[in-house]
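Student: Need the 3D shape of this:
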Amino acid sequence: MREFIRLQLKLKWGLNRNNGKASAVMTALATLFAVAIALALVYVLSLVLRASIEVTARRLSVLYLTLIAAGLTVAATGMQVKRLYRPGDLMITARFPLSPFKLFAGYLILNYIDLTVYSAIFLLPVMLVFGFAMQCIGFAYFAGLLLGVLIMPAIPFALSIFIAVPAVYIGSFFERHGIAGLIVFILFLTGAFALYYYVLNSLADFFIHRDWEEGTLEIWRNLLAGLDSAYNPAHYLADVIFFERFARGLCVWLGAGAVLTAAGAALARAVCGNFRRRALDGGTDGRRRRSSLDGYTSARAIFRFGFREILRTKTYSYFYLGIALSTPVMVFFCNRLVTAVGEAQVGSGINFGASMLAVAVFMAMICSFTGTILSVEGKNFYITKLVPVPYRKQLLIKSLLNIGVSAVALFISAAIIGGLRFIGAAEMAVLIAVQLLFSVGLVFNGINLNLANPNLKPKANGEAEEINIAYMLMIGLFVASLLGACSLVLPKLPQGGTTMAYCAAAAVAFVYAAVNFFVFRFTADRKYGKIEV
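Tutor: Numbering: from 1, shown residues only. Next up is the predicted model:
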């Protein structure tokens, strides 16, 4: 079993020679960017709460410990489901010279080791930044923090064993009913963004007015007091880190983790055995579906197939279609935040630029997935060369599908912005025209990028290749920043500068769309013909 654990750890954390340097660099840059934003928010929020509320460092730390513990619980639940109930290598591990119990115990040990690594990755940076903001850095704090990293996985790991059992059944339900899973994801995404908006809006209000309303302060006081109670496990972890009631905190945290782990492991072992037996016996029902594309024109068939491909592929349906459908709500919150801050500093003239920037950022997020318009075909790409439809026509149909998805999100977002009177009718027309050109440019840019870097190597479950998405997201955000810059200069321009700014934003979007369309027009067939599976 020791060799099995060592091999699995090497596969998980060892260097993957199949990934190129470009992929590793892009992943590292994206990760560092996300971490920097999160740590900046932790630092600013800690400073503001320290200045506004008489709160001890220990009490405020419970807020971050609770959030990290919740995130680790979600991550651990995913590990349990993937390794215990739906392992991709089940047909291989079933032939290992290990008993089912040893395999089960080995996977539990692997999950705990992985969770300890994640604990160090998330807990140390957050709590160090928090410590500097609260000025509580010292030898005792460092010692308590290192001990916290080692013991923090105890309760998230134990809870995940229990949560994984219903989670695997719920996951099976959502796999059979993809639309229901998509709706839940959209609700979760918009809810998380609303919460993020509330925190940022509170911070912006503090920095603009140098004070919070009493109602806002009372909400934060009640939240911190509620979290720092005996009913929250993070309360006891904070005791350990800050060496306050250390013995009690350590015993409760580790004791609860041990008891829950023992009870959960007994339940999970029985459920895990049933799942593995059914998977090895072949749990398919053998039914075949008739094709619903008979009698369709080639264009309609490809269009319909492309849309169904979005729904079938998790990456597309959740992070592409899901973001597209939730974009209007996120644009609403983002627009309110930016315009509130901008109006306080510059005036209402900032509204058009804020709306242009907010919509452009979400257009870039939606259309970044067009960088996998070919990659998603994977090993079935050869079929696209056999069908009696010209290559460029296939790509044009797929591009229309992607442009249509982004256009729907754009029009709904524009209706919300216009309905709330953030901007006038003329500005609305300019915004829609510029964003349509921008989305066209993004789609053809993604196609051109994917033609140059098809990434057709086998992928699990047809998932999209991340490297092209990362490239497209960076390109899209860069052009979006240019559009925002052209529009945000409106309040500072002399009379007549408004029309100039409109024309500048339109010119950026038009040139971007035209260049990528002509590159597609004159190179697509040649590049497509060179691609081999």
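
Student: Out of the helices and strands in this protein, which is least certain?
Tutor: In the chain, the helix or strand scored least confidently by mean pLDDT, DSSP states H and E is helix 90-93, which has a mean of 56.

Student: Tell me which other helices or strands the helix or strand following that helix touches.
Tutor: Using DSSP states H and E, the helix or strand that follows helix 90-93 in sequence is helix 100-134. Helix 100-134 makes packing contacts with helix 2-13, helix 21-52, helix 57-80, helix 139-151, helix 154-176, helix 246-281 when contacts are defined by 3 or more CB pairs under 8 Å, 6 or more residues apart in numbering; DSSP states H and E. No exception for glycine: its C-beta is placed from N, CA and C like everyone else's.

Student: roughly how far out does helix 100-134 sit from the chain middle?
Tutor: How far helix 100-134 lies from its chain's middle: 20 Å, per CA atoms, centre = their mean, to the nearest Å.

Student: Show me the domain layout of this protein.
Tutor: The record's domain split for the chain, according to automatic domain parsing, is 2-7+21-281, 298-530.

Student: if you compare those domains, which one is most tucked away?
Tutor: domain 298-530 (a mean of 19; mean count of other CB atoms under 10 Å).

Student: follow-up on the earlier one: quickly, which of the helices and strands packed on helix 100-134 bottoms out on average pLDDT?
Tutor: With a mean of 63, helix 2-13 has the lowest mean pLDDT of the helices and strands packed on helix 100-134.

Student: what helix or strand does the nearest residue to residue 173 once chain neighbours are set aside sit in?
Tutor: The shortest distance from residue 173 to any non-neighbouring residue, by CB to CB, 6 or more residues apart in numbering, is to residue 180 (7.4 Å). Using DSSP H and E, the element containing residue 180 is helix 178-209.

Student: helices and strands around the next helix-or-strand element following that helix, which ones?
Tutor: Sequence-wise, the next helix or strand downstream of helix 178-209 (DSSP H and E) is helix 214-227. Judged by 3+ CB pairs under 8 Å, 6+ apart, helix 214-227 is in contact with helix 21-52, helix 57-80.

Student: Remind me what whatever helix or strand comes next after helix 214-227 packs against, helices and strands.
Tutor: Per DSSP H and E, helix 214-227 leads on to helix 233-241 as the next helix or strand towards the C-terminus. Packing partners of helix 233-241 (3+ CB pairs under 8 Å, 6+ apart): helix 57-80, helix 139-151, helix 246-281.

Student: who wins for proximity to residue 238 among those helices?
Tutor: helix 57-80 (5.0 Å; CB to CB).

Student: so the closest one versus helix 139-151, what angle?
Tutor: 20 degrees (axes from the mean of the first three to the mean of the last three CA atoms, to 10 degrees).

Student: what angle do helix 57-80 and helix 154-176 make?
Tutor: Using the same axes, to 10 degrees: helix 57-80 against helix 154-176 is 50 degrees.

Student: Any chance you could give me helix 57-80 in PDB, C-alpha atoms only?
Tutor: Extracted C-alpha coordinates of helix 57-80, given in PDB (Å, rounded to 0.1, in the frame of the first residue of the first chain):
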ATOM      1  CA  ALA A  57      -7.100  39.800  16.000                       C
ATOM      2  CA  ARG A  58      -8.300  36.500  17.200                       C
ATOM      3  CA  ARG A  59     -12.000  37.200  16.700                       C
ATOM      4  CA  LEU A  60     -11.500  38.500  13.200                       C
ATOM      5  CA  SER A  61      -9.300  35.600  12.300                       C
ATOM      6  CA  VAL A  62     -12.300  33.300  12.800                       C
ATOM      7  CA  LEU A  63     -13.900  34.800   9.700                       C
ATOM      8  CA  TYR A  64     -11.000  33.800   7.500                       C
ATOM      9  CA  LEU A  65     -10.500  30.400   9.200                       C
ATOM     10  CA  THR A  66     -14.200  29.700   8.600                       C
ATOM     11  CA  LEU A  67     -14.000  30.600   4.900                       C
ATOM     12  CA  ILE A  68     -10.800  28.500   4.400                       C
ATOM     13  CA  ALA A  69     -12.300  25.600   6.300                       C
ATOM     14  CA  ALA A  70     -15.400  25.700   4.100                       C
ATOM     15  CA  GLY A  71     -13.200  25.800   1.000                       C
ATOM     16  CA  LEU A  72     -11.200  22.900   2.100                       C
ATOM     17  CA  THR A  73     -14.300  20.900   2.900                       C
ATOM     18  CA  VAL A  74     -15.600  21.500  -0.700                       C
ATOM     19  CA  ALA A  75     -12.200  20.500  -2.100                       C
ATOM     20  CA  ALA A  76     -12.000  17.400   0.100                       C
ATOM     21  CA  THR A  77     -15.500  16.400  -0.900                       C
ATOM     22  CA  GLY A  78     -14.500  16.500  -4.500                       C
ATOM     23  CA  MET A  79     -11.400  14.300  -3.800                       C
ATOM     24  CA  GLN A  80     -13.600  11.700  -2.000                       C
END
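
Student: what's the distance between that helix and the middle of its chain?
Tutor: The answer for helix 57-80 is 17 Å, by CA atoms, centre = their mean.

Student: before we move on, the earlier item: could you report the pLDDT at the residue nearest to residue 173?
Tutor: Looking at residue 180, the pLDDT reads 73.

Student: My read is that it contacts residue 172, right?
Tutor: No: assessed by CB atoms under 8 Å, residue 180 is found out of contact with residue 172, at 11.9 Å.

Student: Quick check: the closest residue in space to residue 488 that isn't next to it in sequence vs residue 407, distance?
Tutor: With sequence-adjacent residues excluded and distances taken as CB to CB, 6+ apart, residue 488 is closest to residue 353, at 3.4 Å. Plainly put, residue 353 is 22 Å away from residue 407 if you go by CB to CB, to the nearest Å.

Student: before we move on, what about residue 127?
Tutor: Here the criterion is CB to CB. By it, residue 127 lies 45 Å from residue 407.

Student: How about residue 440?
Tutor: Between residue 440 and residue 407 the computed distance is 9 Å (CB to CB).

Student: What of residue 41?
Tutor: As judged by CB to CB, residue 41 and residue 407 stand 33 Å apart.

Student: Export the helices and strands packed on helix 214-227 as CSV, with columns for distance to residue 116.
Tutor: Converted to CSV, the helices and strands packed on helix 214-227 look like this (distance: least, CB to CB, whole Å):
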stretch, distance to residue 116
helix 21-52, 19
helix 57-80, 10
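
Student: quick revisit: using CSV, lay out the helices and strands packed on helix 233-241 together with distance to residue 192.
Tutor: As requested, the helices and strands packed on helix 233-241 are exported to CSV (distance: least, CB to CB, whole Å):
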stretch, distance to residue 192
helix 57-80, 12
helix 139-151, 25
helix 246-281, 27
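
Student: which one of those helices lies closest to residue 158?
Tutor: helix 246-281 (3.5 Å).

Student: How about the secondary structure of residue 55?
Tutor: Following DSSP: H, G, I helix; E, B strand; the rest coil, residue 55 is assigned to coil.

Student: Quick one: residues contacting it.
Tutor: For residue 55, the contact set (CB atoms under 8 Å, 6 or more residues apart in numbering) comprises 49, 224.

Student: What are the phi and psi values at it?
Tutor: Dihedral angles of residue 55 (phi, psi; degrees, to the nearest 10) stand at phi -130, psi 140.

Student: So for it, what's the pLDDT?
Tutor: 80.

Student: and if you look at residue 456?
Tutor: Confidence for residue 456, expressed as pLDDT, is 68.

Student: Quick one: low-confidence residue ranges for the stretch 401-533 of the chain.
Tutor: The stretch 401-533 of the chain contains residues with pLDDT under 70 at 456-466, 490-497, 533.

Student: Thanks a lot, catch you later.
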